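Participant: Let me see the structure of the following:
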Amino acid sequence: MNQRDEAARQQILVRLADSRAEIRRLLEPPPDGSGEAGSAPGGAGGEFPRSRTMQMLMSGRGLGTVGAVLGGLVIARPALAWKLLRLLPTSAVARMLLVRAMAGLRGKNPSGKDPEANGAAP
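Facilitator: Residues are numbered from 1 along each chain as shown. Here you go, the predicted structure:
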């Protein structure tokens, strides 16, 4: 009976190790440059955001659409908009918007002229 118990114990430990390895494979991101079948669809790899919905919402058009919907919500139902605003992590959202605004300003030339058009160095 002792050998049977030991064999059953070894079988359970092997199954446990296999399930742990599978969980680890699913939860840990693949190393860079790997072409595993479990990588994100669309070839995005481990880049953020991975879902197509979030990629669309984070694009310029998506942010404009979200802004229009939120503006309409504020105009139509300000009490509901205020309740929803209290649910958001406002500091993280404000930081994201500030970073986007600063990146947009850095990309634009304040004079509105292209410095390469005048032969000036960038």
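
Participant: Can you tell me how far residue 78 is from residue 84?
Facilitator: As judged by C-beta to C-beta, to the nearest Å, residue 78 and residue 84 stand 11 Å apart. C-beta: built from backbone N, CA, C; applies to glycine.

Participant: Likewise for residue 10?
Facilitator: Distance from residue 10 to residue 84, by C-beta to C-beta: 55 Å.

Participant: Repeat that for residue 26.
Facilitator: 33 Å.

Participant: mind showing which ranges of the protein have poor pLDDT?
Facilitator: 1, 29-46, 108-122 (pLDDT under 70).

Participant: for it, what spans make up the helices?
Facilitator: Under the criterion DSSP state H, the chain contains helices at 2-27, 52-58, 60-76, 78-87, 90-107.

Participant: so can I have a markdown table of those helices showing mean neighbour count?
Facilitator: Converted to a markdown table, those look like this (neighbours: other C-beta atoms under 10 Å):
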| stretch | mean neighbour count |
| --- | --- |
| helix 2-27 | 9 |
| helix 52-58 | 13 |
| helix 60-76 | 11 |
| helix 78-87 | 10 |
| helix 90-107 | 10 |
